[in-house]
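**Student:** I'd like to go over a predicted model; first the sequence, then the structure.
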Amino acid sequence: MPQLPPKKRISLIFFVLSLCSLAGAFSCYSLARELILCSAQTQLLGFSRESILKRDGFEDSALQALSAMHHSALPHCSPQDLDALRELVFKSGILHDAGWFEGKQIRCSSLIANNINKSINLQFIAKPQNEIAYYRSYDHFSIAQKPTVIVRMGDAYVNIGILGREFSGPSWVQYFGAISDIRGYANTPDFYSGPPAPHAAWIYTSPGTYHLNGHLYATACSTRNRICRTSSVPVNFILRSERVFIRTGIVLGGVLGALFASAILQFYFSRQTLESQLGRAIRKKQLYLQYQPIVRIADRRMVGAEALCRWKKEDGVPVPPQKFIAIAEEKNWIGSLTKLVFSKALEECRAILLTHPDFCLSLNLSVLCLDDRKLLCDLQQMIADCGVKPSSVAIEITESIAAHDPQRIAQIQTLRQAGHPIHLDDFGTGYSSLSYLHELNLDAIKIDKAFMQTIGTDAVQFNILPQILTMSQKLQLNVIIEGIETSEQEAYLSRISSSLLGQGWLYGHPVDQEQLHAMQASQPQPEQKPL
Ligand code: C2E
Ligand code: MG
Ligand code: MG
């Protein structure tokens, strides 16, 4: 694959870096914003809850005082009564005044006694319970020119102080009061001034937190009546006050995005170089082979070898075959790679194959190669050109879901009819089905090395091994066990069957052609059984 020209490379780097930085900055901005608003809402709810508790406390004091006034036997507004009222106010610590109504007007009060010479301006607020009414009082009973709240029960009343004094939150929080449907309305510093927001009147009487029309709201309601308190603040105000945190979030997000982008780019370019290096290596035929002996377990006699492809990058670092085979499959180079492997293996093993007709060379064939008829013909032609019998070249097909395709199965049969032994590689690695063995006419199954690792354990794979062997015997299939590393594994296998073939480090690591020839030459010469 050609590498990107430098200009395009720079544009790509710039594009990916900018995109990821922007995405990172935006994500962190959104996260920081959400965190800030969430914490502000929790804070607001705290103010509202605290206020409603205080308000309930004021009401308790007011009701206690009013009840005491009603139980008093003193004539209303008499000098003794006024003294008693003053004592009541003094002792409560919360009340500012107490007195008596006469109809709609105040008749006397602990503050101004009977000297009421003009009508006092009272504005009805609400009647949260029967017998109890709330008024706001301007002028006469105002404190520091702020209206106060008067609670009336029958003809008795008490003044509980400035509207909204129960609110102890900061000055930048707007504070509202509402009584369910009545919705009295408060707004600092002029409490209960102005109408409720028409778009969201329900907010003031529904406990909870809300984010609406650029404002945060938190409402708490009394558990004993329909009175609620709401704290509110504009979102912009909160965000402005937390701008340092938000800016830090944006910068951090941008940096994280850039780091993520560089990781992606590094992966992309390293893969690109890996791909282009593999493409060059295949074109220049720089891949090489190693061979791993396949033995009869009973007497450790070598009956064949598997050719395993090897590749080192231009810096000399080897790449695992699974990795470069996968790239070759993805880039559609697997045909060229397979031809290269076949031609090298035939060239390097021709002498052994011609002189030892029972020696079987195993070559791996990717299932994707089964889709390319021309390739299969070319491979067969190569074998014929060397004078090697097809029966001396076994084809290993990896068991995979892809191999279940009927057209691919037909191609496998064509190869078998041409005389090649067909070995099902890595049997038991995920797509195993014993019924699949009936579908294919095979010569051998290669049981994956994972099975060997389970010997002596309770793993399912270990327990089904004897069943696989019985089934293979019935189907007259040879069995090659992969990954035999220890003599304990070998002893176990010898006990369960005498006809097994094996491959693994116990019998030999993959070696180069010279070592394979040497191993073959050192074999004793008794009668040989075919694979
Ligand atoms: P495979 O065909 O199943 O090859 C056997 C793998 O098991 C080889 O790994 C071999 O080195 C390893 N092995 C052998 N004995 C032992 C053992 O005792 N213990 C352990 N742990 N491993 C053992 P390798 O060479 O890394 O090959 C990996 C896979 O790459 C092969 O698995 C095969 O699927 C694929 N491959 C290799 N060469 C080719 C090729 O020319 N064409 C195709 N299509 N695939 C190939
Ligand atoms: Mg194999
Ligand atoms: Mg295998």
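**Tutor:** Sure, I can see it. Ligands and ions are numbered 1, 2, ... in the order given.

**Student:** from here on, just use CA atoms for contacts and neighbour counts.
**Tutor:** Fine.

**Student:** which residue is the nearest non-sequential neighbour of Trp172?
**Tutor:** In space, and not counting its chain neighbours, Trp172 is closest to Val233: 7.2 Å by CA to CA, 6 or more residues apart in numbering.

**Student:** so which strand or helix has the one you found?
**Tutor:** Element membership for Val233, per DSSP states H and E: strand 227-234.

**Student:** re earlier: who does the residue nearest to Trp172 form a beta bridge with?
**Tutor:** Leu216 (DSSP bridges).

**Student:** and it, how many neighbours?
**Tutor:** Val233 is flanked by 20 other residues according to other CA atoms under 10 Å.

**Student:** same for the helix or strand encompassing Phe14, what does it pack against?
**Tutor:** Taking DSSP H and E as the definition, Phe14 sits inside helix 6-71. Secondary-structure packing of helix 6-71 (3 or more CA pairs under 8 Å, 6 or more residues apart in numbering; DSSP states H and E): helix 79-92, strand 148-153, strand 156-162, strand 208-212, strand 215-221, strand 227-234, helix 235-241, helix 243-283.

**Student:** could you measure from Val367 over to Ala345?
**Tutor:** 19 Å (CA to CA, to the nearest Å).

**Student:** likewise Glu314?
**Tutor:** Glu314 is 23 Å from Ala345, by CA to CA.

**Student:** those two: which has the busier surroundings?
**Tutor:** The neighbour comparison of Glu314 against Ala345 (other CA under 10 Å) goes to Ala345, with 23 against 12.

**Student:** the more buried one contacts Leu287, doesn't it?
**Tutor:** No - assessed by CA atoms under 8 Å, Ala345 is found out of contact with Leu287, at 11.4 Å.

**Student:** list the contacts for Gly208?
**Tutor:** Leu45, Ala218, Thr219, Ala220 (CA atoms under 8 Å, 6 or more residues apart in numbering).

**Student:** just to revisit the earlier point, how far is the helix holding Phe14 from where the chain is centred?
**Tutor:** 25 Å (CA atoms, centre = their mean, to the nearest Å).

**Student:** swap in stretch 485-496?
**Tutor:** 44 Å.

**Student:** CA atoms only: put that stretch into CSV for me.
**Tutor:** Extracted C-alpha coordinates of stretch 485-496, given in CSV (Å, rounded to 0.1, in the frame of the first residue of the first chain):
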residue,chain,number,x,y,z
GLU,A,485,5.0,-29.7,25.2
THR,A,486,5.6,-32.2,28.0
SER,A,487,6.1,-35.9,28.4
GLU,A,488,3.2,-36.0,30.8
GLN,A,489,0.9,-34.8,28.0
GLU,A,490,2.5,-37.4,25.7
ALA,A,491,2.0,-40.2,28.3
TYR,A,492,-1.7,-39.2,28.7
LEU,A,493,-2.3,-39.3,25.0
SER,A,494,-0.4,-42.7,24.6
ARG,A,495,-2.8,-44.1,27.2
ILE,A,496,-6.0,-43.1,25.4
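
**Student:** so which of the contacts of Gly208 also contact ligand 1?
**Tutor:** With CA under 6 Å from any ligand atom as the criterion, those include none near ligand 1.

**Student:** turn the residues you listed into a markdown table, including neighbour count, pLDDT and distance to His71.
**Tutor:** As requested, those are exported to a markdown table (neighbours: other CA atoms under 10 Å; pLDDT from 0 to 100; distance: CA to CA, whole Å):
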| residue | neighbour count | pLDDT | distance to His71 |
| --- | --- | --- | --- |
| Leu45 | 23 | 96 | 39 |
| Ala218 | 28 | 93 | 40 |
| Thr219 | 29 | 92 | 37 |
| Ala220 | 27 | 93 | 34 |
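
**Student:** ok, those vs ligand 1, which is closest?
**Tutor:** Taking CA to the nearest ligand atom as the measure, ligand 1 lies nearest Leu45 of these, at 62.6 Å.

**Student:** next, the contact list for the closest one, please.
**Tutor:** Leu45 neighbours (CA under 8 Å, 6+ apart): Gly208, Thr209, Ala218, Thr219, Ala220, Thr230, Ser231.

**Student:** and for the closest residue to the fifth one other than its chain neighbours, the neighbour number?
**Tutor:** It refers to Ala220. Nearest residue to Ala220 in three dimensions, chain neighbours excluded: Pro207, at 4.8 Å (CA to CA, 6+ apart). Pro207 is flanked by 20 other residues according to other CA under 10 Å.

**Student:** could you check the distance from Pro207 over to ligand 3?
**Tutor:** 67 Å (CA to the ion, to the nearest Å).

**Student:** quickly note the distance from that residue to Leu287.
**Tutor:** 73 Å.

**Student:** how about Ser206?
**Tutor:** 75 Å.

**Student:** which bits of this protein sit near ligand 1?
**Tutor:** 308-309, 320-322, 338, 341, 364-366, 426, 483-485, 503-505.

**Student:** give the next helix or strand downstream of the worst-scoring helix or strand of the chain on mean pLDDT.
**Tutor:** Ranking every helix and strand in the chain by mean pLDDT, DSSP states H and E puts helix 434-439 at the bottom, with a mean of 70. Counting by DSSP H and E, the element after helix 434-439 in chain order, helix or strand, is strand 444-447.

**Student:** who's in contact with the next helix or strand after that next one?
**Tutor:** Next along the chain after strand 444-447, taking DSSP H and E as the criterion, comes helix 449-453. Applying CA under 8 Å, 6+ apart, the contact partners of helix 449-453 are Asp426, Thr429, Gln461, Phe462, Leu465, Ile481, Glu482, Gly483, Ile484, Gln489.

**Student:** what sits against the second one?
**Tutor:** So the one you mean is Thr429. Glu399, Asp448, Ala450.

**Student:** residue of the stretch 401-531 of the chain closest to ligand 3, please.
**Tutor:** Asp426 (4.1 Å; CA to the ion).

**Student:** look at that residue and give its secondary structure.
**Tutor:** Recorded secondary structure, Asp426: strand (DSSP: H, G, I helix; E, B strand; the rest coil).

**Student:** count the neighbours of it for me.
**Tutor:** Neighbour tally, Asp426, other CA under 10 Å: 24.

**Student:** report pLDDT for it.
**Tutor:** Note for Asp426: predicted pLDDT of 90.

**Student:** from Gln473, how far off is Gln467?
**Tutor:** Taking CA to CA, one finds Gln467 at 10 Å from Gln473.

**Student:** please apply the same query to Ile455.
**Tutor:** Counting by CA to CA, the gap from Ile455 to Gln473 is 21 Å.
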